[in-house]
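# my questions concern the predicted model and sequence given below.
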Amino acid sequence: MKQIGIMGGTFDPIHIGHLLAAETALDACQLDEVWFIPTNVPPLKEGVQGADAEMRLRLVRLAIAGEPRFKAHPIELERGGVSYSFDTISELMEREPGCTFAYIIGSDRIHDLPKWHRIDELAERIRFIGVERPGEPVQLNRLPEHLRHRVTLVEMPPMGISSTDIRRRRMAGRSIRYLVPEPVYSEITKEGLYEPRRND
């Protein structure tokens, strides 16, 4: 069976922290591939996105173009509506019977697992790879026992980068170079993404 890691998120924009988390999970858990799945509408995240769905998918494709084990998958954008991981995994398992799946999630999201849609059924189907970030310790004992045993923790090198911070920097006219891969930086600059809105 092919071992596939799933990286979900708005990727608004994708940055080198996402790529490092994917590489860390790929290496530590001996995955065959990591699939990046941009969220259409996130169920647990609030706030207005800066780029539309097609642009976010394009940025992901630009970011991962140099790594053949990384793939961009538009399944949640094609399905539309709120993006529930349970629905995505159900569809992927039907489409790809030769694959097993694991969700790669940051330490900031692990404690939210009990809030996920149909989490008990989801946890029966897949495992979770929790990428621990420095300064964000994971307390697995906070999770119900049946979830706790479905999480494998891997340690990620220190990197304090977030998509929110990148958008704020652009809004403030500050540089984001080297926070995102160079092709992503070029596309963001070319398209004028995340810049302050001008009142005409």
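Ah, there it is. Numbering: from 1, shown residues only.
# only C-alpha atoms for contact and neighbour calcs from this point on.
Fine.
# does residue 59 belong to a helix, a strand or coil?
Counting by DSSP: H, G, I helix; E, B strand; the rest coil, the backbone at residue 59 sits in helix.
# find the nearest non-adjacent residue to residue 153, please.
Nearest residue to residue 153 in three dimensions, chain neighbours excluded: residue 130, at 4.6 Å (Cα to Cα, 6 or more residues apart in numbering).
# make that residue 106, sorry
Leaving aside its chain neighbours, residue 106 sits nearest to residue 131 (4.9 Å; criterion: Cα to Cα, 6+ apart).
# which secondary structure elements does the helix or strand where the one you found lies contact?
Secondary structure from DSSP states H and E places residue 131 in strand 127-132. Judged by 3 or more Cα pairs under 8 Å, 6 or more residues apart in numbering; DSSP states H and E, strand 127-132 is in contact with helix 16-28, strand 99-106, helix 107-110, strand 151-155.
# ok, and what's touching the third one?
Meaning helix 107-110. Applying Cα atoms under 8 Å, 6 or more residues apart in numbering, the external contacts of helix 107-110 come out as 130-133, 136-138.
# just those now: which is nearest residue 85?
Within those, the smallest distance to residue 85 is 15.5 Å, found for residue 130 (Cα to Cα).
# what about that closest one, neighbour count?
Neighbours of residue 130 under the rule other Cα atoms under 10 Å: 24.
# related to what we said a few turns ago, between the helices and strands packed on strand 127-132, which one is nearest to residue 172?
Among these, helix 16-28 comes nearest to residue 172, with 20.5 Å by Cα to Cα.
# how about the helix or strand just after the closest one as PDB, C-alpha atoms only?
Downstream of helix 16-28, the next assigned helix or strand under DSSP H and E is strand 33-38. Output in PDB follows, covering the C-alpha atoms of strand 33-38 (Å, rounded to 0.1, in the frame of the first residue of the first chain):
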ATOM      1  CA  GLU A  33       4.100  11.100  -1.000                       C
ATOM      2  CA  VAL A  34       2.600  14.200   0.500                       C
ATOM      3  CA  TRP A  35      -0.600  15.600  -1.100                       C
ATOM      4  CA  PHE A  36      -1.300  19.300  -0.500                       C
ATOM      5  CA  ILE A  37      -5.100  19.800  -0.500                       C
ATOM      6  CA  PRO A  38      -6.200  23.500  -0.400                       C
END
